[in-house]
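Peer 1: got a sequence here, can you model it:
(2 chains)
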Amino acid sequence: MSEYYQNEPAELGKILLQAGIALLKAGAGSKRIITNLNRFAEAFGYEANIDLSTRNISLTLHSGSQENIFSGTRSMVSQPGSDFRVIAAVSRLSWDVKEKKSTLDFTYSELNKALRQDNYHRVVILFLVGLAGASFCYTFGGNFIEMGITFLATVTGLFLKQEMVKRKFNTYLITYCSAVIAALVIGISWKSGINSTFDHAFATCTLFLIPGVPLINSFIDLMDGYIINGVDRGINASIHAFGIAAGLATILYVFNFKG
Amino acid sequence: MIVWLDILFNAFWCGCAALGFAVLFNSPKHGLPAIYMCGFIAGLVKFLILHPNSGGGIIIASLIAASIIGFISIPISHRVHVPPIIISIPAVIPLVPGSFAYRTMLGVIRFINHAESEVLTSTAHYGIMTLFVIMALSIGVTLPTLLLRIESTKNLRFLSGDTDD
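Peer 2: Just a heads-up that it's a prediction; the model follows:
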C-alpha cells in the first residue's frame, strides 16, 4: 500500500463505487454505507468524500496533500431491495481489508466473490415465509385452520411477487398485485365456507409485503441526520403500505365484506 | 400455567415469523439460529408485558421488546460475525402492528360511506396506534447506537475478540 502507482486511485474508486451500489441495492442505511466505504478508503491511505442518495452515489478520493485524484458517480435503475447477505459480506470485507492490509486486486476479487453468493432456494423461501405468515396469524389470535389458509395465501402471493420481480414490473404494482392475490385466496376460502371468520387471516395474509427494511432504515437515517434519505425511504415504505391497503380494499369491495 | 404456555406459544411463533423474514431478506445462513432466538425473545417480552397481570400497553411493550432486541443483538452479532441490524430487523418484524394497520384501513374504507364521528374517532385511534408502535420499534432497534454512540460494535470495550460492524 505504501507504494503509490498510477492506477491505484482509479481502481480503488471503482471498487468503492461497486461496493457502495451493492450496499444501496441491499438496503443498507446511509451511515453504514459511508462508514464502510471510508473504512475501505482509509485502509489504502486515501480520504473518501461521499455524496449519497437512495439511488446513486458520488465519490471523490483525496490522498494527503494531493488534490482530487479520483471522482466518479454510479447510479442504479432499480429500487433498493433487501439482501442482508451482501451487507454482511461487504462489512466483513471492509474489516478484513483494514486489518490484513490486503492488495487492491485481492479486494476486488473478494468483493466480486461476496456479491456472487447464492440466494436461498426458492422453495425454501416460499415455505418459510408462508410459515411466517401463519405465525403472524397465530399471534393475532387465529386458529389452526386460519393459519393453514394464511400459509396458502402467503405462498401464493409471494410466488406472484417472485414472478413479477423476475419480469421487472413496477415495484409498487408488484406489492398491490401480490396483496390482491393473497387476499383473494382468503376471500375464496371464506366464501367456500372453509373458515368461518375472516379477520385474522385477512389481516395477516399480506404481512410478508410489509416494507420492514425501508421503514426501519428510514428511522435510522433520520436519527443519524440523513434527513433527505430518511424521508425518501419513509415515503417509499408508505407507498408500499398504501399498495397493500389498496389490494386488501379491492378484495373487500369485490367480496362485499363488512368489517 | 396455561398463561405461561400461551405466552411461550406466542413467542415460539414470533420466532418462526422472524425466521421467515430473515430468509426473505436473504440473511446469511449462520445468522439464522440467532435471529430465531431474538424473535422468540421479542415475542416473549412483548406478550409478558401485554399480559393483563403486567398491565402494560402495546406501545410500551413494543418499545421495551425492540430495545431489548437492539441491545442483545450487539453481543450476538459479535458472536456470529454479522452486523447487528441483520439480526435486529427480522427479529422485530413479528412485532409490527398488523392488526392495527388492518383496522385503520377498514375504518378509512368505512368512513367513505359512513361519515360518522365514531368511525373517524376509532379509525384515527387505530392509525395513531399503528404509527406509534412502528416508531417504538424503530427507536427501540436504533437505541443502542444512539446511547452507546458507537460507529461500530468493533470498538466496544466490553467485547473481546473479532467482530463486525
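Peer 1: chain B: helices as residue ranges?
Peer 2: Using DSSP state H, the helices of chain B run over B:2-24, B:32-50, B:58-80, B:84-92, B:98-113, B:117-148.
Peer 1: could you dump those helices into TSV with mean neighbour count, distance to residue A:137 and mean pLDDT added?
Peer 2: Bear in mind the C-beta positions are built from the backbone N, C-alpha and C, glycine included. Converted to TSV, these look like this (neighbours: other CB atoms under 10 Å in any protein chain shown; distance: least, CB to CB, whole Å; pLDDT from 0 to 100):
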stretch	mean neighbour count	distance to residue A:137	mean pLDDT
helix B:2-24	21	9	90
helix B:32-50	22	14	93
helix B:58-80	21	18	92
helix B:84-92	29	18	91
helix B:98-113	20	10	86
helix B:117-148	18	18	89
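Peer 1: using TSV, lay out those helices together with distance to chain A.
Peer 2: Formatted as TSV, the helices of chain B follow (distance: least, CB to the nearest CB, whole Å):
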stretch	distance to chain A
helix B:2-24	2
helix B:32-50	7
helix B:58-80	9
helix B:84-92	5
helix B:98-113	4
helix B:117-148	3
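Peer 1: rebuild those helices as CSV, extending it with distance to residue A:31.
Peer 2: Below are the helices of chain B laid out as CSV (distance: least, CB to CB, whole Å):
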stretch, distance to residue A:31
helix B:2-24, 22
helix B:32-50, 22
helix B:58-80, 15
helix B:84-92, 11
helix B:98-113, 28
helix B:117-148, 9
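Peer 1: what bridges to residue A:74?
Peer 2: Taking DSSP bridges as the rule, residue A:74 bridges to residue A:57.
Peer 1: neighbours of it, just the number please.
Peer 2: 15 (other CB atoms under 10 Å in any protein chain shown).
Peer 1: that one contacts residue A:21, doesn't it?
Peer 2: Yes. Using CB atoms under 8 Å, residue A:74 makes contact with residue A:21 at a distance of 5.1 Å.
Peer 1: now do the shared contacts for these two.
Peer 2: Shared contacts of residue A:74 and residue A:21 (CB atoms under 8 Å, 6 or more residues apart in numbering or on different chains): residue A:57.
Peer 1: what's in contact with the one helix or strand residue A:157 maps to?
Peer 2: Element membership of residue A:157, judged by DSSP states H and E, is helix A:144-166. Contact with helix A:144-166 is made by A:122, A:125-127, A:129-138, A:142, A:173-175, A:177-179, A:181-183, A:185-186, A:189, A:194-195, A:197, A:200-201, A:204-209, as judged by CB under 8 Å, 6+ apart.
Peer 1: ok, now which ones touch the residue in chain A that chain B sits nearest to?
Peer 2: For chain A and chain B, the shortest gap (CB to the nearest CB) falls at residue A:132, measuring 2.4 Å. By CB under 8 Å, 6+ apart, the contact set of residue A:132 is A:154, A:207-208, B:16-21, B:24, B:94.
Peer 1: so what's the residue lying closest to it once chain neighbours are set aside up against?
Peer 2: Closest residue to residue A:132 apart from its sequence neighbours, by CB to CB, 6 or more residues apart in numbering or on different chains: residue B:20 at 2.4 Å. By CB under 8 Å, 6+ apart, the residues touching residue B:20 are A:128-133, A:135, A:208.
Peer 1: try it again at 6 Å.
Peer 2: Residue B:20 makes contact with A:128-129, A:131-132, according to CB atoms under 6 Å, 6 or more residues apart in numbering or on different chains.
Peer 1: reformat these as a markdown table; add pLDDT and distance to residue B:126.
Peer 2: Listed next are the contacts of residue B:20 as a markdown table, based on pLDDT from 0 to 100; distance: CB to CB, whole Å:
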| residue | pLDDT | distance to residue B:126 |
| --- | --- | --- |
| A:128 | 93 | 30 |
| A:129 | 94 | 26 |
| A:131 | 93 | 27 |
| A:132 | 92 | 23 |
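Peer 1: so which strand or helix has the residue of chain A closest to chain B?
Peer 2: Assigned by DSSP H and E, residue A:132 falls in helix A:122-139.
Peer 1: what about the stretch 101-250 of chain A, any weak spots by pLDDT?
Peer 2: Scanning the stretch 101-250 of chain A for pLDDT under 70 picks out A:195-196.
Peer 1: can you say which of the contacts of helix A:144-166 are buried?
Peer 2: A:125-126, A:129-138, A:142, A:174-175, A:177-179, A:181-183, A:185-186, A:189, A:195, A:200-201, A:204-209 (16 or more other CB atoms under 10 Å in any protein chain shown).
Peer 1: that'll do, ta.
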